[in-house]
Every structure is written in structure tokens, then in C-alpha cells.
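# Below: sequence and its predicted model.
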Amino acid sequence: MLAAACNSDGNSAPAETAAAPAAAAELPGQALFVQNCAVCHGPDGKLGLNGAHDLTKSNLNATGRVYMVTQGLGKMPSFKDKLSPEQIQQVVDYSLTLK
Ligand code: HEC
């Protein structure tokens, strides 16, 4: 039972309201994508170098993509030593905007 330790009175908790980041003018994952993924997938996800799949046609959901990027598969490298879980989430979020 670790949760709820510092949640005594909701009315006096100012931190709560900062939680909604303005949606996606430029996702932080975009820079990560350009640096780490564009070499094979292209800046728009369509390049398909070395058998990389066209990400605009992928129907993997976020969970599947996080797994893919974390673990790698076949010629797709694993990024778990290069990117933090948070960065992986960001780059995946960005990849999901490629259409
Ligand atoms: C060295 C080249 C390479 C790099 C760099 C690379 N990928 Fe891939 N990617 C691949 C290949 C090859 C596949 C196909 C793997 C397979 O199915 O065997 C793939 C598949 C994928 C898929 C699954 C698509 C589908 O529906 O089958 C996703 C999602 C993906 N990559 C995301 C990323 C992201 C995000 C990054 C950057 C963090 C990245 N990739 C970096 C080569 C690469």
C-alpha cells in the first residue's frame, strides 16, 4: 500500500492541474525519431530500408510498438540500451502520428 500517501485534501493540491500537456504541436518524439529511426524508416516512416516496414501502414498499436522498439525484432534493432522507457514512449507516440 504505497499510494495515496500525500493526498489528504484535493482542494489544496496545485500540482494536479499541470498534468495536461498541450497536444502535439511538436512532439518530443519527433527529434528522437529523426535521430534513431529515420535512418531505416525515413523521416516520414515510409523509407523501408533493409526491410524496415512502412510505419504509415503499420497497424501495430502503441503497446506493440513500444515492445518492438524496446526489444527489437529481426533486423529492427533494440533500443533499450539507447533510449529510456520514457523516450521510447515518446518516439512511439510520434510514430503513431505518421499517416
Ligand atoms: C537498422 C534499421 C532500423 C532502425 C534504425 C529502426 N528500425 Fe524499425 N524496423 C526495422 C525493420 C527491418 C523492421 C521489420 C522487422 C521485422 O518484422 O522483422 C522494423 C519494424 C518496425 C516496426 C513494426 C512495423 C510493423 O507494423 O511491422 C515499428 C513500429 C518500428 N520498426 C519502429 C521503429 C522506431 C520507432 C525506430 C526508432 C526508435 C525504429 N523502428 C528504428 C528496421 C529499423
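Yep, that arrived.
# Show me the shaky parts of the protein.
Applying pLDDT under 70 to the chain picks out residues 1-25.
# at 90 what do you get?
Within the chain, the segments meeting pLDDT under 90 span 1-27, 48-52, 99.
# Tell me the helices and strands packed up against the strand or helix carrying residue 35.
Assigned by DSSP states H and E, residue 35 belongs to helix 29-36. Helices and strands touching helix 29-36, by 3 or more CB pairs under 8 Å, 6 or more residues apart in numbering; DSSP states H and E, are helix 85-95. (Glycine included, C-beta is placed from N, CA and C.)
# Identify the residues contacting the helix it packs on?
Helix 85-95 is contacted by residues 27-30, 32-33, 36-37, 45, 55, 58, 62, 65-66, 69-70, 79-80, 83 when judged by CB atoms under 8 Å, 6 or more residues apart in numbering.
# thinking again about what came up before, and the angle for the helix holding residue 35 with helix 85-95?
Going by axes from the mean of the first three to the mean of the last three CA atoms, to 10 degrees, helix 29-36 is angled at 100 degrees with respect to helix 85-95.
# tell me which residues in helix 29-36 are buried?
29-30, 32-33, 36 (16 or more other CB atoms under 10 Å).
# What does residue 76 show for phi and psi?
phi -80, psi 120 (degrees, to the nearest 10).
# Counting neighbours, what do you get for it?
Neighbourhood size, residue 76 [other CB atoms under 10 Å]: 17.
# measure it to the ligand for me?
Computed as CB to the nearest ligand atom, to the nearest Å, the residue 76 to the ligand distance reads 3 Å.
# on that earlier part again, flag every buried residue along the next helix or strand after the helix holding residue 35.
Toward the C-terminus, helix 29-36 is succeeded by helix 38-41 as the next helix or strand (DSSP H and E). Of the residues in helix 38-41, 38, 40-41 count as buried by neighbour count, 16+ other CB under 10 Å.
# One more: stretch 76-94?
76, 79, 83, 87-94.
# Need the CA coordinates for it. PDB is fine.
Taking C-alpha atoms only, stretch 76-94 is exported to PDB below (Å, rounded to 0.1, in the frame of the first residue of the first chain):
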ATOM      1  CA  MET A  76      15.000  -4.000 -36.300                       C
ATOM      2  CA  PRO A  77      17.500  -3.100 -33.600                       C
ATOM      3  CA  SER A  78      16.700  -3.000 -29.900                       C
ATOM      4  CA  PHE A  79      16.700   0.500 -28.300                       C
ATOM      5  CA  LYS A  80      16.600  -0.500 -24.700                       C
ATOM      6  CA  ASP A  81      20.200   0.500 -24.200                       C
ATOM      7  CA  LYS A  82      19.900   3.700 -26.100                       C
ATOM      8  CA  LEU A  83      16.600   5.200 -25.100                       C
ATOM      9  CA  SER A  84      14.900   5.400 -21.800                       C
ATOM     10  CA  PRO A  85      11.400   3.900 -21.400                       C
ATOM     11  CA  GLU A  86      10.100   7.500 -21.500                       C
ATOM     12  CA  GLN A  87      11.900   8.300 -24.700                       C
ATOM     13  CA  ILE A  88      10.700   5.100 -26.300                       C
ATOM     14  CA  GLN A  89       7.100   6.100 -25.300                       C
ATOM     15  CA  GLN A  90       7.700   9.500 -26.900                       C
ATOM     16  CA  VAL A  91       9.200   8.100 -30.100                       C
ATOM     17  CA  VAL A  92       6.300   5.600 -30.400                       C
ATOM     18  CA  ASP A  93       3.800   8.400 -29.900                       C
ATOM     19  CA  TYR A  94       5.400  10.200 -32.700                       C
END
